[in-house]
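Colleague: below are the sequence and a predicted model; questions follow.
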Amino acid sequence: LFDAGEAPWVFYARRSEGYVAVWASQYNGTQWTPPARVSGELTPSFNQEVVTLRDGALDCVWQAPIDGTFAIFSSRQERGSWTEPVAISSPEASAWDPSIAALPDGGVVYAWSEYHENSFRICVRFRFGATCDAIRPVTAGTDYALHPSLAAAADGSVWCAFDRAIIQGHGGSGP
């Protein structure tokens with residue numbers, strides 16, 4: 001990923017001091033900066049996706065456990081440091097496989113697979129600054145939808161592609 005100043009960044013999940021976390025490092029033109037922990041104290045944190053926003057900030061989204069289930073979190077790199085992680089998904093459902101896209105008006109849209117009523121569905125949520133709108137299901141939850149991928153067009157429209165598993169109970173995680 002390149003930031004607004006065209007500096008390259010790398011993001012990765014790494015085990016350090018017994019914890020798996022999301023880390024980032026930027027190439028400053030001569031060397032890579034020391035790794036910065038993006039995901040805070042949430043662990044294990046992994047499956048990260050990142051975008052550069054219109055204002056030049058970076059937004060990183062990932063999945064991590066909370067209260068016995070998995071949730072989607074976000075942190076922004078602003079003025080040289082990462083903000084405290086913010087929960088994007090609902091605590092009532094287990095969420096995996098986040099996706100993110102920057103919007104032309106400066107906002108961002110997140111998507112994820114959510115386990116809801118014994119099946120997976122795709123949900124999205126828009127964020128403008130510090131404000132997130134309501135979570136919106138994209139699929140009904142009866143079609144076993146997984147692995148969302150987002151794209152935002154110049155006119156602000158959002159496209160969401162996803163897989164639909166036809167073998168119930170499979171979803172790529174079992175026999």
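Modeller: On my side now, so go ahead. None of these values were measured; they are calculated from a predicted model. Residues are numbered from 1 along each chain as shown.
Colleague: contacting residues for W62?
Modeller: Contacts here follow C-beta atoms under 8 Å, 6 or more residues apart in numbering; on that basis W62 touches A13, V22, V38, S39, S45, F46, N47, Q48, E49, I72, F73, P98. No exception for glycine: its C-beta is placed from N, CA and C like everyone else's.
Colleague: what about the residue nearest the centre of the chain, distance to D67?
Modeller: The residue at the geometric middle of the chain, judged as the C-alpha nearest the mean C-alpha position with C-alpha atoms, centre = their mean, is V61 (2.7 Å). If you measure V61 against D67 using C-beta to C-beta, to the nearest Å, the figure is 19 Å.
Colleague: can you get me the start-to-end distance on stretch 4-11?
Modeller: As for stretch 4-11, its first-to-last residue distance stands at 16 Å under the measure C-alpha to C-alpha, to the nearest Å.
Colleague: alpha carbons of stretch 22-39, as PDB, please.
Modeller: Listed next in PDB are the C-alpha coordinates belonging to stretch 22-39 (Å, rounded to 0.1, in the frame of the first residue of the first chain):
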ATOM      1  CA  VAL A  22      -1.400  -6.600  13.200                       C
ATOM      2  CA  TRP A  23       1.800  -4.600  12.600                       C
ATOM      3  CA  ALA A  24       2.800  -2.000  10.100                       C
ATOM      4  CA  SER A  25       6.000  -0.500   8.800                       C
ATOM      5  CA  GLN A  26       6.700   2.300   6.400                       C
ATOM      6  CA  TYR A  27       9.600   2.800   4.000                       C
ATOM      7  CA  ASN A  28      10.900   6.300   4.600                       C
ATOM      8  CA  GLY A  29      13.100   6.500   1.500                       C
ATOM      9  CA  THR A  30      16.200   4.900   3.100                       C
ATOM     10  CA  GLN A  31      15.000   2.200   5.500                       C
ATOM     11  CA  TRP A  32      11.900   0.600   7.000                       C
ATOM     12  CA  THR A  33      10.600   2.200  10.200                       C
ATOM     13  CA  PRO A  34      10.400   0.100  13.300                       C
ATOM     14  CA  PRO A  35       7.200  -2.000  13.300                       C
ATOM     15  CA  ALA A  36       4.200  -0.300  14.900                       C
ATOM     16  CA  ARG A  37       1.400  -2.400  16.500                       C
ATOM     17  CA  VAL A  38      -1.800  -1.400  14.800                       C
ATOM     18  CA  SER A  39      -4.300  -3.700  16.600                       C
END
